[in-house]
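**Student:** no sequence on this one, just coordinates:
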């Protein structure tokens, strides 16, 4: 009889089974929550890396294009259009110096025209029907920065508006069809500000003080780019939204050289360099 009672006491009671089951369920829930949080953090890191790659891709390409720029064709705050050399040392441009281009320009009141082989590059923020919402306040987080480019000829002319200064420039007819590439997605901010050298003080000033858009573009030596990207589908269970923001300055080496050595380089003139 005593042995039978000892055997019975070795088993679990119903209360003990319920307690153990509750404890196991609690542990399983905690493990599930930890795993779910790990997945959310991993998703956050993955999205952040994607945003970083996109924004840095935009900035790095813009730096290369601006450094190699011959002239800006606009000074818009949400779009940049420029003509750039095909390479750092452009043999096509050097060949221009052997042509019948005469310096000073506009001699005998005859307009001077120079055609330079180049690549036209455009950076713009596109957002479909919601493009009006894309601004510095980041109201729209689904913008896309697109880079368009095409081979062509930059047409520069001295029309006599100012002596010995190339004062008109644009895309010569016959340029090839442009190609485009998406550089970054989920962009909430794409702001461009242009600066140039003041002829009297030699200081950098905003291009608004240079008159019309054409002259302002001609004077532009530096572009300050503000680019930010943010995930529009942020996880509400996380304390912060994946976001990357970069503000940087980019210089046109050609315009900087013209400003540093005015005795050798006239405005839009590189004939004396070679």
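**Tutor:** Alright, I've got the coordinates. Quantities reported herein were computed from a predicted structural model and do not represent experimental measurements.

**Student:** dump the residue contacts of residue 83.
**Tutor:** Shown here is residue 83, whose contacts under the criterion CB atoms under 8 Å, 6 or more residues apart in numbering are 69-71, 73, 116, 118-121, 152, 154, 169, 171. For every residue, glycine as well, the C-beta is placed using N, CA and C.

**Student:** Can you read off the backbone torsions of it?
**Tutor:** The phi and psi values for residue 83, taken as degrees, to the nearest 10, are phi -110, psi 130.

**Student:** cool, residue 86 as well?
**Tutor:** When read as degrees, to the nearest 10, the backbone of residue 86 gives phi -70, psi -20.

**Student:** Reduced to three states, what does the closest residue to it other than its chain neighbours come out as?
**Tutor:** With CB to CB, 6 or more residues apart in numbering as the criterion, residue 86 has its nearest non-adjacent residue at 5.7 Å, and that residue is residue 119. Three-state secondary structure (criterion: DSSP: H, G, I helix; E, B strand; the rest coil) places residue 119 in strand.

**Student:** ok, what's across the strand from residue 119?
**Tutor:** residue 84, residue 151 (DSSP bridges).

**Student:** got a list of what it touches?
**Tutor:** Residue 119 makes contact with 83, 84, 85, 86, 149, 150, 151, 152, according to CB under 8 Å, 6+ apart.

**Student:** same thing with residue 141?
**Tutor:** 186, 187, 188, 229, 230, 231, 232.

**Student:** let's go with 6 Å and repeat that
**Tutor:** Neighbour list for residue 141: 186, 188, 230, 232 [criterion: CB atoms under 6 Å, 6 or more residues apart in numbering].

**Student:** Helix, strand, or coil at the nearest residue to it once chain neighbours are set aside?
**Tutor:** The shortest distance from residue 141 to any residue other than its chain neighbours is 3.8 Å, reached at residue 232 (CB to CB, 6+ apart). Using three-state DSSP, the three-state assignment for residue 232 comes out as coil.
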